[in-house]
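Q: Need coordinates for the below:
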Amino acid sequence: MKVKERKANKTIKAVIIIFILAVVFVAAAYLSVYLSGYRIIRYKSADGETRFFGTVGADGLPSKGTVYFANGEKAQIDLANDTIEYSNGFVYVGETKDLMPHGKGKLTMKAEYYEGDFSEGRMTGYGTYVYSSAIGDRYEGFMKDGKRDGTGKYTWKDGSVYEGGYKEDMKHGEGTYRWADGSSYTGTFYNDVKDGEGTFIYANGDKYEGHFSADVRDGNGKYTWQNGEFYIGEFKNNMMDGHGIYYWVSGRSYEGTFKENKIVWELG
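A: Sure, this is the predicted structure:
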């Protein structure tokens, strides 16, 4: 029994020694890393925990190293040069807060970039978004969480331009859309389409003033043809439909019912 006890004691002592040596080794490694200026710093955000491993400045804040984000992505930061290089190839240069873009900066996303205001890592505020040369579009205006939101100006590659309100990346509110062919619309938009009161001037010189619904002429309005003839009355699905008055350039007019752009002659 004493032999077995001695063997057990030796085993226990060996385990304890190994454990102590392991702790000393880890502590020595940690101390070495600490003395060399490396730190592990954690930040809490709405998305989870962000961890930094690297060197810090005299103020104890991160200077240069690797950032591990809550979503699994990582980035190399060099805050001495205000630079963050993400693992997906994106590069940010500008002001930061808690290792995220915050304030003024520029985010280059391979073939396109955004330059302007950031808030807690998101494109929020006023800025300019330039799309790739293959797309050729450009947006200048307000953003919220990476989407067009507020007033702004969007220019398409073909020269078409929209200036006005946006919400959730869609034209929303009052605005003016000018197409490359010369036609234009000024009025109300809802969820990216014409909806409400507005004026549409066509490339051939025709003009419609009145109500739109779901992107078509619908409700009361006035349509004037380039030759001077005009119609005042009800519209449905882009056509004269309902009660209205049609005026010819000769001075003649007709008041009555219209159906799908045609006069409904009433026998009296």
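
Q: list the contacts for Asp47?
A: Going by Cβ atoms under 8 Å, 6 or more residues apart in numbering, Asp47 touches Phe69, Ala70, Asn71. No exception for glycine: its C-beta is placed from N, CA and C like everyone else's.

Q: Now for those residues, which sits with the most neighbours around it?
A: Within the contacts of Asp47, neighbour counts (other Cβ atoms under 10 Å) peak at Phe69, which reaches 20 neighbours.

Q: For it, report the pLDDT, please.
A: Predicted confidence (pLDDT) for Phe69: 87.

Q: what does the one 10 residues further on give?
A: In the predicted model, Leu79 carries a pLDDT score of 90.

Q: Also the one 10 residues further on?
A: Reported pLDDT at Gly89 in the predicted model: 95.

Q: next one: the one 4 residues further on
A: Model confidence at Val93, expressed as pLDDT, equals 98.

Q: can you list contacts of the helix or strand harbouring it?
A: According to DSSP states H and E, Val93 maps onto strand 91-97. With Cβ under 8 Å, 6+ apart as the test, strand 91-97 has contacts from 79, 81-86, 101-108, 118, 120.

Q: swap in stretch 68-83?
A: 45, 47-54, 57, 61-67, 84-88, 91-96, 99, 105.

Q: In helices, which of those residues appear?
A: Judged by DSSP state H, helices contain none of the contacts of stretch 68-83.

Q: So among the residues you listed, which ones count as buried?
A: 50, 52, 54, 62-65, 67, 84, 86, 91-94, 96, 99, 105 (16 or more other Cβ atoms under 10 Å).

Q: re earlier: now that we have the contacts of strand 91-97, which of them are buried?
A: So, by 16+ other Cβ under 10 Å, the buried ones in those are Leu79, Asp82, Thr83, Ile84, Tyr86, Pro101, His102, Gly105, Lys106, Leu107, Phe118.

Q: Dead centre of this protein: give me the residue that sits there.
A: By Cα atoms, centre = their mean, the chain has its centre lying nearest to Lys147, at 2.0 Å.

Q: check contacts around Met240.
A: Counting by Cβ under 8 Å, 6+ apart, Met240 has contacts Tyr223, Tyr231, Gly233, Glu234, Tyr246, Phe258, Glu260, Asn261, Lys262.

Q: wait, Lys147
A: Glu168, Asp169.

Q: Now it. Its backbone dihedrals?
A: Backbone torsions for Lys147, taken as degrees, to the nearest 10, come to phi -120, psi 150.

Q: Isn't Glu174 up against Gly164?
A: Yes - contact criterion Cβ atoms under 8 Å: Glu174 and Gly164 qualify, at 5.6 Å.

Q: who's more crowded, these two?
A: Gly164 (20 against 16).

Q: Look at that one and report its pLDDT.
A: 98.

Q: how close does the nearest residue to it once chain neighbours are set aside sit to Asp192?
A: Nearest residue to Gly164 in three dimensions, chain neighbours excluded: Gly175, at 1.9 Å (Cβ to Cβ, 6 or more residues apart in numbering). Going from Gly175 to Asp192 by Cβ to Cβ, to the nearest Å gives 11 Å.

Q: neighbour count winner among these two?
A: Gly175 (22 against 14).

Q: Can you tell me the element the more buried one falls in?
A: If you go by DSSP H and E, Gly175 is part of strand 170-178.
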